[in-house]
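K.L.:
Here is the input, now give the coordinates:
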Amino acid sequence: MTNDDAKRLKEIIQAETRPLRELIEANQTETRAEFVAVRTEMAGGLAAVRTEMAGGLTAVREDLRGEMTAGFGEMRRHFEVLTEDLRGGIKLLAEGHAALGEKIDSVDRKVTRVDGRVEALDLRVMWLQDRTTALEAGQRAVAAAVRELMGQK
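P.N.:
Okay, here's the model as predicted:
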């Protein structure tokens, strides 16, 4: 086998396997991007809920301290007002909790979809590995046949 024949054989093999390599690289890039998007969405949702809860709790705490310094009668009247505010805060907290639950459900659905995609990618990778193994075996067979034709062992 001449160097030109070997180079040509190498070029053919590279050309045949290039689409497979490109497909693997594209699938890896897509999978990474989806994981980053899910992680970012989860972090943003949790941070927003924490901030909202901290702000609500700080406001309620400040209201309670101010009312305790006033007289008992005034405190009683204000306590009723605070009770209503607290109910509103609890309602807001419950709504935030429900929204967080929806976001978690959404993320769970996305993770389930990503899991499905990862499984599909696993199948593709296994297929590509099998295909690559078959191509390599074919390449070895071609090389052996070329050597035999050239009178080499």
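
K.L.:
which SS class is the spatially most central residue of the chain?
P.N.:
Residue closest to the average C-alpha location in the chain (C-alpha atoms, centre = their mean): Phe35, at 1.7 Å. The three-state label for Phe35, taken from DSSP: H, G, I helix; E, B strand; the rest coil, comes out as helix.

K.L.:
same check, this time on the one 4 residues further on
P.N.:
Arg39 falls in the helix class when you classify it by three-state DSSP.

K.L.:
Which strands and helices lie in contact with the helix or strand encompassing Thr58?
P.N.:
Here Thr58 is covered by helix 3-68, with elements defined by DSSP states H and E. Judged by 3 or more C-beta pairs under 8 Å, 6 or more residues apart in numbering; DSSP states H and E, helix 3-68 is in contact with helix 72-150. Yep, even glycine has a C-beta here, placed from its N, CA and C like the rest.

K.L.:
and the closest residue to Met42 other than its chain neighbours, what is it in contact with?
P.N.:
Leaving aside its sequence neighbours, Met42 sits nearest to Val107 (C-beta to C-beta, 6 or more residues apart in numbering; 5.3 Å). Val107 makes contact with Val38, Glu41, Met42, Gly45 under the criterion C-beta atoms under 8 Å, 6 or more residues apart in numbering.

K.L.:
Need the buried ones from those selected in ChimeraX.
P.N.:
Buried subset of the contacts of Val107, written as a ChimeraX selection, criterion 16 or more other C-beta atoms under 10 Å:
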select :38,42,45
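
K.L.:
export the contacts of Val107 to JSON lines and tack on distance to Asn3 and pLDDT?
P.N.:
Below are the contacts of Val107 laid out as JSON lines (distance: C-beta to C-beta, whole Å; pLDDT from 0 to 100):
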{"residue": "Val38", "distance to Asn3": "51", "pLDDT": "85"}
{"residue": "Glu41", "distance to Asn3": "55", "pLDDT": "86"}
{"residue": "Met42", "distance to Asn3": "56", "pLDDT": "84"}
{"residue": "Gly45", "distance to Asn3": "61", "pLDDT": "82"}
